[in-house]
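Peer 1: model the following, please.
(chains A, B and C)
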Amino acid sequence: MPELPEVEVVRAGLEPAVSGARVLHVDVVDDRALTRHDGPAEDFAERLTGRTIAAAVRRGKFMWFPLQPAREGDRPEALVAHLGMSGQILLGRGREAAKHRRILLEVQPAGTDRDGAPEPPVELEFVDQRTFGSMAIDEMVPTVDGAPAGSAGHVDDTDPDAAWRRSIPKQVSHIARDPLDPAFDDDRFIAMARKRSSGIKRVLLDQGVVSGIGNIYADESLWAAKLHHDRPADRLGRSELRGLLDEVRLVLGRALEDGGTSFDAQYVNVNGQSGYFSQRLSVYGQQGKPCPRCGTTIVREAFMNRSSHRCPVCQPAPRPRRR
DNA sequence: ACCACCACCTGAGTGC
DNA sequence: TGCACTCAGGTGGTGG
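Peer 2: The predicted structure follows:
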């Protein structure tokens, strides 16, 4: 479930189960699910087993789960997860192994039932057909701007116990904030974009400039902002970029409300359920259908070994750059 | 520093 | 049926 809304659906679904939970058992079924981990599977399992998870945090398409220190004075660490193109994290108890199960974690939730008895352990199953996703244990470093590192749900940012709040896994530190992050800096985004000569869609997809946007939401946002994907970013006005940012936020927000975009069973929440935003797509995958705004037939074009979808009238091609 | 391209994978669909 | 080919929601490293 790879773009921001889908990853946020997963993060929010995991949060109540993992916050304060203790990792009882780690089973790495396929080592390829650890490409982001610096070390062998045994190292991953050893460092994770017995640890307590503090929370579930997300920036862009990356999620991480800060771990309480194993011993006082230890460097702060987190379990990092990226879903890649086809990853899922499913929650359950004793479920049958999915075909592409890569890692299974068994955790002891922090909560108790209404009689005060501990809840039964729960399984987190990391499933990933194409193995572009992976997990890792990574050290945490302070955020450069000193603000909370990402979206963490119901967390008190002033709580001194939440020291992890202003830290980020080292391998995620180069990722820019996403447009739904309160600490996202609009002016910084606009300044960065206006230094890029490549097309605006490449800039939207550059996770070091703005994170969380992938091929679906780039196309949807550009259609909403009436911009062609090849418009050179350094030739766009500040107000055009501001307007684009507004549309990005609207699109991501609506997709989140709908539980994300699911084209097939590949993209589901932690309970295996689909999202419904695919019913509201204006251009992505809508080639041959009428533009919802002007009725012109939507076209699909090759773009970076993938596709771009647009309305030829609402989003006319830019004139080639003169020199 | 930027920029375009390629590799990393599995499976579904299409045309011959 | 089988085979070759294309395509799919992402990221990172590589050269220029």
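
Peer 1: tell me which residues of the host helix or strand of A:Ala45 come out buried.
Peer 2: A:Ala45 is part of helix A:41-48, with elements assigned from DSSP states H and E. Of the residues in helix A:41-48, A:Ala41, A:Phe44, A:Ala45, A:Arg47, A:Leu48 count as buried by neighbour count, 16 or more other CB atoms under 10 Å. For glycine as for every other residue, the C-beta is placed from the backbone atoms N, C-alpha and C.

Peer 1: centroid-nearest residue for chain A?
Peer 2: Note on chain A: the residue nearest the mean C-alpha position is A:Lys61, at 1.9 Å, using CA atoms, centre = their mean.

Peer 1: out of everything not next to it in sequence, what's closest to that residue?
Peer 2: A:Val7 (5.1 Å; CB to CB, 6 or more residues apart in numbering).

Peer 1: quick one on the thing from earlier: nearest to DNA strand B, of the buried residues of helix A:41-48?
Peer 2: Using CB to the nearest atom of the strand, A:Ala41 is the member of the buried residues of helix A:41-48 that sits closest to DNA strand B, with 15.2 Å.

Peer 1: and that closest one, how close does it get to DNA strand C?
Peer 2: 19 Å (CB to the nearest atom of the strand, to the nearest Å).

Peer 1: contacts only, for the residue nearest to that residue when sequence neighbours are not counted.
Peer 2: Excluding the flanking residues, the one nearest A:Ala41 by CB to CB, 6+ apart is A:Val28, at 4.0 Å. Residues near A:Val28 by CB atoms under 8 Å, 6 or more residues apart in numbering: A:Leu34, A:Ala41, A:Phe44, A:Ala45, A:Arg102, A:Ile103.

Peer 1: hmm, who's touching the helix or strand hosting A:Phe65?
Peer 2: A:Phe65 is located in strand A:62-67, with elements delineated by DSSP H and E. Residues outside strand A:62-67 that contact it (CB under 8 Å, 6+ apart): A:7, A:10-11, A:14, A:18, A:48, A:51-58, A:76-82, A:137-138, A:140, A:150, A:164, A:167-169, A:172, A:175, A:211.

Peer 1: okay, the angle between that strand and helix A:41-48?
Peer 2: Here strand A:62-67 points in a direction 60 degrees away from that of helix A:41-48 (axes from the mean of the first three to the mean of the last three CA atoms, to 10 degrees).

Peer 1: what about the helices in the stretch 101-250 of chain A?
Peer 2: With DSSP state H, counting those that start in this stretch as the criterion, the stretch 101-250 of chain A has helices at A:186-193, A:200-205, A:215-224, A:238-257.

Peer 1: ok, and which of the contacts of strand A:62-67 reach DNA strand C?
Peer 2: A:His82, A:Ile175, A:Ser211 (CB under 7 Å from any atom of the strand).

Peer 1: let's see which of those end up in strands.
Peer 2: A:His82 (DSSP state E).

Peer 1: from the ones next to DNA strand C among the contacts of strand A:62-67, pick the one nearest DNA strand B.
Peer 2: A:His82 (11.9 Å).

Peer 1: which residues touch the closest one?
Peer 2: Applying CB under 8 Å, 6+ apart, one finds that A:His82 lies in contact with A:Arg36, A:Lys61, A:Phe62, A:Met63, A:Gly133, A:Ser134, A:Met135.

Peer 1: now pLDDT too, for the residues you listed, in JSON lines please.
Peer 2: Shown next, in JSON lines, are those (pLDDT from 0 to 100):
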{"residue": "A:Arg36", "pLDDT": "97"}
{"residue": "A:Lys61", "pLDDT": "98"}
{"residue": "A:Phe62", "pLDDT": "98"}
{"residue": "A:Met63", "pLDDT": "98"}
{"residue": "A:Gly133", "pLDDT": "97"}
{"residue": "A:Ser134", "pLDDT": "98"}
{"residue": "A:Met135", "pLDDT": "98"}
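
Peer 1: among those, which two are most distant?
Peer 2: The most widely separated members of these, counting by CB to CB, are A:Lys61 and A:Met135 (13.9 Å).

Peer 1: from the stretch 201-323 of chain A, which residue is nearest to DNA strand C?
Peer 2: For the stretch 201-323 of chain A, CB to the nearest atom of the strand, closest residue to DNA strand C: A:Gly214, 1.8 Å.

Peer 1: for A:Pro2, see how far away that residue is.
Peer 2: Using CB to CB, to the nearest Å, A:Gly214 is found at 6 Å from A:Pro2.

Peer 1: ok, the residue nearest to A:Lys61 - contacts?
Peer 2: Applying CB under 8 Å, 6+ apart, the residues contacting A:Val7 are A:Met1, A:Arg58, A:Gly60, A:Lys61, A:Phe62, A:Met63, A:Leu83, A:Gly212.

Peer 1: quick check: residues of the stretch 1-150 of chain A near DNA strand B?
Peer 2: A:Arg32, A:Met85, A:Lys99, A:His100, A:Gln129, A:Arg130, A:Thr131, A:Phe132.
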